[in-house]
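# quick check, what structure comes out for this input:
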Amino acid sequence: FCYLDFSDVQNCRLVSTQWKQFIDEFVFEKHPDITNYYRWVDGSVDNARLFCGGEVRLVCSDVDFIYCAMKDGVIMVFDSQTFIFVKLLQETECFFWQIHAGRSVLVAITEVCVVIWSKESWKVVAKIKYWSKGEPFLHVENDLILVPGATKYVCRVLFYNKVDRSVSRIRDLVHR
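Okay, here's the model as predicted:
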């Protein structure tokens, strides 16, 4: 159960009374999302500071990592439990508008493109240009990614396939 997303665990509670009792007693408090939440809210302050060595523009996190997008166009990845530096993700001098972590990917949107890294290998799996005007939007849910499309009235829905390590376009949504 701990490998499932927390929303999936909540759906599993609806299967039967026995499943609900089992999940409530043995799974709920041990799920990584819950332990991470308690660690940030109620936990002891083992690590009060995270040193990034520069000016941080954006921060996001998931169960395993903390991502710090720096002003100089790099993303520093730290272990969320120990705060130990893991990896430096570099994009040629760019300005990150947003960064989001999905189940298997880290996604950043810059002034001209969307960059998608695999969290397994930390390699860029896709770099997609867009032509929308204004501040770009980004939303990542599990491995489903919503980014700007070819015009300012189009939202592109992408899916990262962890097995193939590929990104595919599911559809373009027109919103006028």
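
# in the protein, which helix is the longest?
helix 32-41 (DSSP state H).

# tell me, please, the helix or strand in the chain that averages the lowest pLDDT.
helix 32-41 (a mean of 75; mean pLDDT, DSSP states H and E).

# please compute how far that helix lies from its chain's middle.
Remark: helix 32-41 is offset 16 Å from the chain centroid, using C-alpha atoms, centre = their mean, to the nearest Å.

# got the buried residues for that helix?
32, 36 (16 or more other C-beta atoms under 10 Å). Where C-beta positions appear, they are placed from N, C-alpha and C, glycine not excepted.

# and what of stretch 165-176?
Quick answer for stretch 165-176 (16+ other C-beta under 10 Å): Val167.

# now that stretch: average pLDDT?
The average pLDDT within stretch 165-176 is 82.

# do the same with stretch 80-98
84.

# just the residues contacting it, thanks.
Residues outside stretch 80-98 that contact it (C-beta atoms under 8 Å, 6 or more residues apart in numbering): 36, 47, 50, 57-58, 61-66, 69, 72-79, 106, 108-112, 115, 117, 122, 135-138.

# do the same with stretch 9-17
Residues contacting stretch 9-17 (C-beta under 8 Å, 6+ apart): 1, 4, 19-20, 23-24, 27-28, 31.

# residue contacts, Ser103?
Residue 103: Arg, not Ser. Neighbour list for Arg103: 5, 142-143, 162 [criterion: C-beta under 8 Å, 6+ apart].

# what about the helix or strand just after the longest helix of the chain, distance to the chain center?
Next helix or strand after helix 32-41 toward the C-terminus (DSSP states H and E): strand 56-61. Chain-centre distance of strand 56-61: 11 Å, with C-alpha atoms, centre = their mean.

# returning to what we had before: which of the contacts of stretch 9-17 are buried?
Judged by 16+ other C-beta under 10 Å, buried ones among the contacts of stretch 9-17: 23, 27-28, 31.

# show me the contacts for Val125.
Neighbouring residues of Val125 by C-beta under 8 Å, 6+ apart: 105, 116-118, 160, 165-167.

# so which helix or strand takes in it?
Per DSSP H and E: strand 124-129 holds Val125.

# within the sheet, what are the partner strands of the next helix or strand along the chain from that strand, with directions?
Following strand 124-129 in sequence order, the next helix or strand is strand 139-141 (DSSP H and E). Here strand 139-141 is paired, per DSSP bridges, with strand 144-148 (antiparallel).
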